[in-house]
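K.L.:
build me a model from this:
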Amino acid sequence: MILAIESSCDDSSVAVMDERSFELKFYEKISQEADHAKYGGVVPELAARLHTEALPRILQRAKPYFSELKAVVATNTPGLSVSLISGVNMAKALALALNLPLIGVNHLIGHVYSLFLDGEARFPMGVLLVSGGHTMVLDIDAAGSIEILATTGDDSFGESFDKIAKMLGLGYPGGALIEELAKGGEPRFELPVPLKGDRRLEYSFSGLKNAVRVQIEKLKEAGELDERAMRDLARCFEDAACAHILDKLQRIFELRRFTRFGVVGGASANLHLRGLLTDLCERAGCEILFAPMKFCSDNAAMIARAAIEKLRKKEFTAPAELQIIPHLNLRSAFE
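P.N.:
Now for the predicted structure:
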């Protein structure tokens, strides 16, 4: 079995997974969302302190499995440096104390393996990764090598939901709040679908975000920013943001004939987006895979699953050599 620690942002999580059966023997996650909500977003210093408080408590509850462990794992890239260091340092200490190999895992690779928590990975495939920090489309070949086909030039898909929720005074995190508000809305506002008609394979949400801000200001000036208007605006924003994702994906599907396509990341929990992606893949004759709802957002189970691949290859790192790398991306991770 292997024990994995995830602390790349504002979730403290530990998982123990059987490397042969993929059975999740132990799993716990403590979210910091309520602590950060009052500030309207993640406060790095607060996240670091809360990780320091939460991770030892979770590890204590995982202690019965220590005697059966074959390796200790930690997310070491990418993420908030002050958050990553909490998990990495605890993994180093545990590996040294138990005399076990240490494995560092790329958080984004972990999201890919959230599609295969209970079995072997099935490559080749395309992947859409949508979260609070990333928006990208990947092409993964049969050997597991990754090519980035599209990414965002500014905000991520999930981040744009957070920012619109903040503009509307809804709170943080904004993804579920906007999605729920949009359910009762009507499409009466005209918002632009970013880069519509532009053949570049690139995402950008800053223009859409600004268009929403302008519409909010107009409604406020007219004294019309009531609950009905907020629902309609949330609906129109969600429609435009999801249409942007689909617009570029349709172009990518014309260029790459995927037989299998996976959708991962915290923002992939959006049901409207899931429905659109399901329709796209059905039209393309492509199998679609979604990460389980419980494991869409950051979690240690996906980190443990990704680490099994490294355990098989004996890709270990000495505790003194495992470094946190806040900004490492998928392209450099596979070079």
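K.L.:
going forward, measure contacts between C-alpha atoms and count neighbours the same way
P.N.:
OK.
K.L.:
count of residues packed around the closest residue to residue 232 other than its chain neighbours?
P.N.:
Spatial nearest neighbour of residue 232, excluding adjacent residues (CA to CA, 6 or more residues apart in numbering): residue 185 at 4.0 Å. Residues near residue 185, counting by other CA atoms under 10 Å, number 18.
K.L.:
now swap in residue 139 and tell me
P.N.:
Neighbour count for residue 139, taken as other CA under 10 Å: 21.
K.L.:
ramachandran angles for it?
P.N.:
phi -120, psi 110 (degrees, to the nearest 10).
K.L.:
so what pairs up with it in the strands?
P.N.:
Beta-bridge pairing of residue 139 under DSSP bridges involves residue 126, residue 147.
K.L.:
surely it is in contact with residue 125?
P.N.:
Yes - taking contacts as CA atoms under 8 Å, residue 139 lies within contact range of residue 125: 6.2 Å.
K.L.:
domain ranges for the protein?
P.N.:
Taking automatic domain parsing as the criterion, the chain consists of the domains 2-115+297-333, 123-291.
K.L.:
what residues does the strand or helix carrying residue 262 touch?
P.N.:
Element membership for residue 262 (DSSP states H and E) is strand 260-264. Under the contact criterion CA atoms under 8 Å, 6 or more residues apart in numbering, strand 260-264 has outside partners 111-112, 114-115, 124-130, 281, 286-291, 296.
K.L.:
what about 7 Å?
P.N.:
Taking CA atoms under 7 Å, 6 or more residues apart in numbering as the criterion, the residues outside strand 260-264 that touch it are 111-112, 125-130, 286-291, 296.
K.L.:
cross the residues you listed against helices and list the overlap.
P.N.:
Taking DSSP state H, the ones among those that sit in helices are 111, 112.
K.L.:
from the centre of this protein, point out the most distant residue.
P.N.:
Residue farthest from the centre of the chain, counting by CA atoms, centre = their mean, is residue 222 at 38.1 Å.
K.L.:
what about that residue, distance to residue 216?
P.N.:
Using CA to CA, to the nearest Å, one obtains 10 Å as the distance from residue 222 to residue 216.
K.L.:
ok, now residue 41?
P.N.:
From residue 41 across to residue 216, the span is 21 Å (CA to CA).
K.L.:
what do you get for residue 113?
P.N.:
39 Å.
K.L.:
residue 20 too?
P.N.:
With CA to CA as the criterion, residue 20 and residue 216 are 54 Å apart.
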